[in-house]
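> Got a predicted structure here, sequence first:
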Amino acid sequence: MTDDSQMPSLTTAQNDAMHVAEALCSDRGERLTPARRRVLELLLQAEGPIKAYDLLELLKPGPGAAKPPTVYRALDFLMELGLAHKIEALNAYVSCAHCHDSGGAEIFICTQCDGVEERHGASHSSCAPDGFTIQRSVVEHFGVCARCAA
């Protein structure tokens, strides 16, 4: 298990993403609790998609350590605010600092190196069934990234 002294500090971009998260929570009257904050930090520090139980392992061990429901509640909260996405095909999560108010996320997954890249997706509300309100939309594409194709 990893403790905080072994975790790298946040980069400037990751710190910026944390500030965006804090502002978004404040604007929506929500709280970025210590557990939510720590899960988001771990997502930001991950070098790719990370599974919930891997996040659990990275949280401090010992008495009072986080339990699976704590991690899943934090992930649900972060996804609801658009600060994280679940990659369904991998059953893993990635952080997101983009705003998806006008569309969803499109996730591009390299089948050779397992690299993941996110792009803004188009709004799919025009193709939704009558009366259906889309709350979250993530499209997953599988293929080979430019680096692996070279």
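Right, received. Where do you want to start? Numbering: from 1, shown residues only.
> Just give the number of residues close to A92.
Residue neighbour count, defined by other CB atoms under 10 Å, stands at 20 for A92. For glycine as for every other residue, the C-beta is placed from the backbone atoms N, C-alpha and C.
> worst-scoring helix or strand of this protein, pLDDT-wise?
strand 116-120 (a mean of 84; mean pLDDT, DSSP states H and E).
> quick one: contacts of that strand?
48-49, 85, 87, 94, 96, 98, 100, 103, 105-110, 145 (CB atoms under 8 Å, 6 or more residues apart in numbering).
> for stretch 80-95, same thing?
Residues contacting stretch 80-95 (CB under 8 Å, 6+ apart): 17, 21, 24-25, 28, 30, 40, 43-44, 46, 48-52, 55, 75, 78-79, 96-101, 105, 107, 109, 116, 118, 136, 138, 140, 142.
> From these, keep the buried residues only.
17, 21, 24-25, 40, 43-44, 46, 49-50, 52, 55, 75, 78-79, 96-97, 100, 105, 107, 109, 116, 118, 138 (16 or more other CB atoms under 10 Å).
> from the chain's centre, how far out does stretch 25-37 sit?
Remark: stretch 25-37 is offset 15 Å from the chain centroid, using CA atoms, centre = their mean, to the nearest Å.
> hang on, the earlier thing: report the next helix or strand after the least confident helix or strand of the chain in sequence order.
Once strand 116-120 ends, the next helix or strand along the chain (criterion: DSSP states H and E) is strand 138-143.
> packing partners for that next one?
strand 84-87, strand 105-110 (3 or more CB pairs under 8 Å, 6 or more residues apart in numbering; DSSP states H and E).
> Quickly, which of those strands bottoms out on average pLDDT?
Ranked by mean pLDDT, the helices and strands packed on strand 138-143 bottom out at strand 105-110, with a mean of 88.
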